[in-house]
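Student: Need the 3D shape of this:
(2 chains)
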Amino acid sequence: MGQAALQAPPPKAPADQASGPWRDAWKAFRKNKTAMAGLGIILFFVLIALLAPWIAPYDFKAQQLVNRLKPPSAEHWFGTDDLGRDLFTRVIYGARISLWVGFFSVIGSIIVGTALGILAGYYGKWMDMIISRLFDILLAFPSILLAIAIVAILGPSLQNALYAIAIVNIPTYGRLVRAKVLSLKSEEYITAARAIGMKNGRILFSHILPNSLTPIIVQGTLGVATAIIEAAALGFLGLGAQPPDPEWGKMLSDSRQFIQKAPWTVVFPGLSIMLTVLGFNLMGDGLRDVLDPRMKN
Amino acid sequence: MIQPILSIENLHTHFLTDRGEVPAVDGVDLYINPGEVLGVVGESGCGKSVTSLSILKLVPSPPGRIVDGRILLKGRDIVPLKEKDMRKIRGDSVSMIFQEPMTSLNPLFTVGQQIMETVRLHRGRSRKEAREHAVGMLRKVGIPRPEAIIDEYPHQLSGGMRQRVMIAMSISCSPELLIADEPTTALDVTIQAQILELIRQLNEEQGTAVMLITHDLGVVAEMCHRVAVMYAGKVVEEGSVHDIFKNPLHPYTRGLIASVPRMDEAKERLYSIPGNVPILSTEMQGCRFAPRCPEVMELCMQSLPALTRQEEQHSCRCWLFDREQEDAV
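Tutor: Model prediction:
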């Protein structure tokens, strides 16, 4: 009788072996056309940034003062700026700067924000008090104002702009992770993990952290877009990249006095900012559709 | 006399809420002998689950707290133990399975990884040994093709299969006591029977003592040797399955049994106990069941009866059966 009752349901048809939560998400993501377009745009800019020295026809620093403010032509596809530098070259090199600042500031914010958010959410009590108040203080300032203040203290440079953007965005990720950890903490599999005698640290890293990844990934992708805009804004204000670095925001501010005479000097850097940001936003939205269970159905 | 594997003495677990301190477990006494299946019965909110979580000291804190009492595991009081020492007990000599097999497995790991975790934690086995052990465990709990299932993710398995995986996980270190908190509530009836049969088999073959928490009297009659009936954070009656079903003493137990549908009697409507479970507070006086009791007396409202022994193994917490009270009358 015992054996008979133990005969579990008949074996299912062999399951798709290559199936895991991440693989399933990728399958769904591939079907999402706008998200794939976003990914395409991002890959396009990443490729340009990586291959810049080989694609760019000129040196981004080389000035040809005889060719100042020339409109787009066969020689200068995007025209030239007020110092006679090739805009096509500068826009290509600008992709390097913007993506670099975007990625690394977001990675910095995510690392610090996630660590703080997990501590606050999992250990609670006074730890949560201190960390959450810290986030509140950071959030009380308009982000660009805070970034300006930080850069003003550290001194204007691309590196410091990156730090400033990273610091300003820490609470975004911190609060996200804290909320996620709070909800995960009451999941039965966390209790089950404790019930088999697992240590706190192990629960944090093998159960809580992997399950908090999805909102971080989504927010991080959207965050790259924000970071690129913030970097451009700091550049525009002269607090980010310094000449002659071809930062898109800096290129906009340098050319704004020629906007009527030579519109191409602002159109191309502006378009580049818009396109990369659009790419990250499309991809971020797509990721959210795929990864966030609440968005399903 | 045999030493019980677990004995709980006067356990109080309270929760701090906005409305004050709630005594979810309010003086529970229980014991489980080696190899025994104890059923803990009661309606929602009577403190069954909190009692079971207290045994492993997994009550979320804050707001929960073990305020008083002793929990003796093989004679050793575990209430004062530190978290570090509790971890050695959890999953090793005492393990637990939960109500919702859908949510008690981590969706991001294969079932094998999760079963191996327990063995690696407590037995320090290598990855390869742990994997073999996990396959063996899956086979033991009646999972077909364990070598393949071990690499599947929880979402690829049905509820019954997941509960089997949970059981495999909890018995992988051959615990002496298995706490099963409503292990079949979330499953459909045929799977329920299979899972219960599996638990019974573990009990009979391995001698694992089982604390089976349920609100289903049918399950109790089927599975258990002894039963403890809980109401409002207290044990109101305790005895062998035979005694409880043939000779229920406490009016609450009688009400519970009367409200179970029976095959041999044609009834128009099922009996239901009137009223609701009281809101628990530390300031309650008298018998907790008095407001709903069909045989309530003056005395019941004023003071709380003690759990008194009626027969060899049958105790009841009711003034109707309290000898001292009879003497007084």
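Student: where does residue A:208 sit relative to residue B:122, distance-wise?
Tutor: According to C-beta to C-beta, to the nearest Å, residue A:208 and residue B:122 sit 22 Å apart. All C-beta atoms are positioned from the backbone trio N, CA, C, and that covers glycine.
Student: Residue A:60 reaches residue A:251, doesn't it?
Tutor: No. Under the criterion of C-beta atoms under 8 Å, residue A:60 lies out of contact with residue A:251, with a separation of 10.5 Å.
Student: Which one's more surrounded, those two?
Tutor: Counting neighbours by other C-beta atoms under 10 Å in any protein chain shown for residue A:60 and for residue A:251 shows that residue A:251 has the greater number, 28 against 21.
Student: so that one makes contact with residue A:272?
Tutor: No. Using C-beta under 8 Å as the test, residue A:251 is too far from residue A:272 to be in contact (9.1 Å).
Student: and for those two, which residues touch both?
Tutor: Contact criterion C-beta atoms under 8 Å, 6 or more residues apart in numbering or on different chains; residues shared by residue A:251 and residue A:272: A:91, A:94.
Student: ok now the helix or strand that contains residue B:24, how far from the chain's centre?
Tutor: Assigned by DSSP states H and E, residue B:24 falls within strand B:20-32. Counting by C-alpha atoms, centre = their mean, to the nearest Å, strand B:20-32 is centred 13 Å from the centre of its parent chain.
Student: Can you tell me the strand partners of that strand and which way each runs?
Tutor: Within its sheet, and counting by DSSP bridges, strand B:20-32 is paired with strand B:6-17 (antiparallel).
Student: now residue 244, what's its secondary structure?
Tutor: By default, I'm working from chain A. Under DSSP: H, G, I helix; E, B strand; the rest coil, residue A:244 falls in the coil class.
Student: cool, residue B:59 as well?
Tutor: At residue B:59 the chain is in coil, as set by three-state DSSP.
Student: contacting residues for the closest residue to it other than its chain neighbours?
Tutor: Nearest residue to residue B:59, sequence neighbours excluded (C-beta to C-beta, 6 or more residues apart in numbering or on different chains): residue B:53, at 4.8 Å. Neighbouring residues of residue B:53 by C-beta under 8 Å, 6+ apart: A:191, B:59, B:64.
Student: switch to 10 Å and redo it
Tutor: For residue B:53, the contact set (C-beta atoms under 10 Å, 6 or more residues apart in numbering or on different chains) comprises A:191, A:195, B:13, B:24, B:25, B:59, B:60, B:64, B:96, B:179, B:181.
Student: follow-up on the earlier one: listing partners with orientation, what would you give for the next helix or strand after the strand holding residue B:24?
Tutor: For strand B:20-32, the following helix or strand on the C-terminal side (DSSP H and E) is strand B:37-41. Strand B:37-41 pairs in its sheet with strand B:209-214 (parallel), strand B:226-231 (parallel), by DSSP bridges.
Student: For strand B:37-41, what does the pLDDT average out to?
Tutor: Strand B:37-41 shows an average pLDDT of 91 in the prediction.
Student: Same check on stretch A:38-57?
Tutor: 92.
Student: list the buried ones in that stretch?
Tutor: A:38, A:39, A:41, A:42, A:45, A:46, A:48, A:49, A:52, A:56 (16 or more other C-beta atoms under 10 Å in any protein chain shown).
Student: coming back round to it: among the contacts of residue B:53, which one is most surrounded by other residues?
Tutor: Counting neighbours by other C-beta under 10 Å, residue B:25 comes out on top of the contacts of residue B:53 with 31 neighbours.
Student: Name whatever forms a beta bridge with the nearest residue to that one once chain neighbours are set aside.
Tutor: Computed as C-beta to C-beta, 6+ apart, the closest residue to residue B:25 that is not its neighbour in sequence is residue B:13, at 4.0 Å. Using DSSP bridges, the beta-bridge partners of residue B:13 come out as residue B:25, residue B:66.
Student: element containing residue 49?
Tutor: Since no chain was named, I'll use chain A. Assigned by DSSP H and E, residue A:49 falls within helix A:33-55.
Student: my bad, chain B
Tutor: In the assignment (DSSP H and E), residue B:49 maps to helix B:48-55.
Student: what about that helix, distance to the chain center?
Tutor: Here helix B:48-55 is found 7 Å from its chain centre; the criterion is C-alpha atoms, centre = their mean.
Student: Next, the buried residues of that helix.
Tutor: B:48, B:49, B:50, B:51, B:52, B:53, B:54, B:55.
Student: OK, now which residue of chain B is nearest to chain A?
Tutor: Per C-beta to the nearest C-beta, residue B:91 is where chain B lies closest to chain A, at 3.2 Å.
Student: wait, doesn't that residue sit right on residue B:114?
Tutor: No. Residue B:91 lies out of contact with residue B:114 (C-beta atoms under 10 Å); the separation is 11.6 Å.
Student: More neighbours: these two, which one.
Tutor: Comparing residue B:91 with residue B:114 by neighbour count (other C-beta under 10 Å), the higher total belongs to residue B:91, at 28 against 24.
Student: Residue B:308: how many residues sit nearby?
Tutor: Neighbour count of residue B:308, defined by other C-beta under 10 Å: 15.
Student: actually residue B:163, not the one I wrote
Tutor: Neighbour count for residue B:163, taken as other C-beta under 10 Å: 30.
Student: tell me the contacts of it?
Tutor: Residue B:163 neighbours (C-beta under 10 Å, 6+ apart): B:97-102, B:104-105, B:141, B:157, B:180, B:183-184, B:186-187, B:191-192, B:194-195, B:198.
Student: Repeat that for residue B:114.
Tutor: Shown in contact with residue B:114 (C-beta under 10 Å, 6+ apart): A:189, A:192-193, A:196, A:206-207, B:104-106, B:134, B:154, B:165-166, B:168-169.
Student: Which of these are buried, as a PyMOL select command?
Tutor: Remark: buried members of the contacts of residue B:114, expressed as a PyMOL selection using 16+ other C-beta under 10 Å:
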select buried, (chain A and resi 189+192+193+196+206+207) or (chain B and resi 104+105+106+134+154+165+166+168+169)
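Student: can you tell me which of the contacts of residue B:114 are in helices?
Tutor: Residues of these located in helices (DSSP state H): A:189, A:192, A:193, B:134, B:165, B:166, B:168, B:169.
Student: possible to save those residues as a markdown table with distance to residue B:203 and pLDDT?
Tutor: Shown next, in a markdown table, are those (distance: C-beta to C-beta, whole Å; pLDDT from 0 to 100):
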| residue | distance to residue B:203 | pLDDT |
| --- | --- | --- |
| A:189 | 25 | 86 |
| A:192 | 21 | 86 |
| A:193 | 25 | 87 |
| B:134 | 22 | 89 |
| B:165 | 19 | 89 |
| B:166 | 16 | 88 |
| B:168 | 16 | 87 |
| B:169 | 17 | 87 |
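Student: Would you mind putting the residues you listed into JSON lines with distance to residue B:260 alongside?
Tutor: Output for these, formatted as JSON lines (distance: C-beta to C-beta, whole Å):
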{"residue": "A:189", "distance to residue B:260": "33"}
{"residue": "A:192", "distance to residue B:260": "31"}
{"residue": "A:193", "distance to residue B:260": "36"}
{"residue": "B:134", "distance to residue B:260": "39"}
{"residue": "B:165", "distance to residue B:260": "31"}
{"residue": "B:166", "distance to residue B:260": "27"}
{"residue": "B:168", "distance to residue B:260": "32"}
{"residue": "B:169", "distance to residue B:260": "32"}
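Student: Out of those, flag the one nearest to residue B:208.
Tutor: Nearest to residue B:208 out of the ones in helices among the contacts of residue B:114 is residue B:168 (C-beta to C-beta; 13.3 Å).
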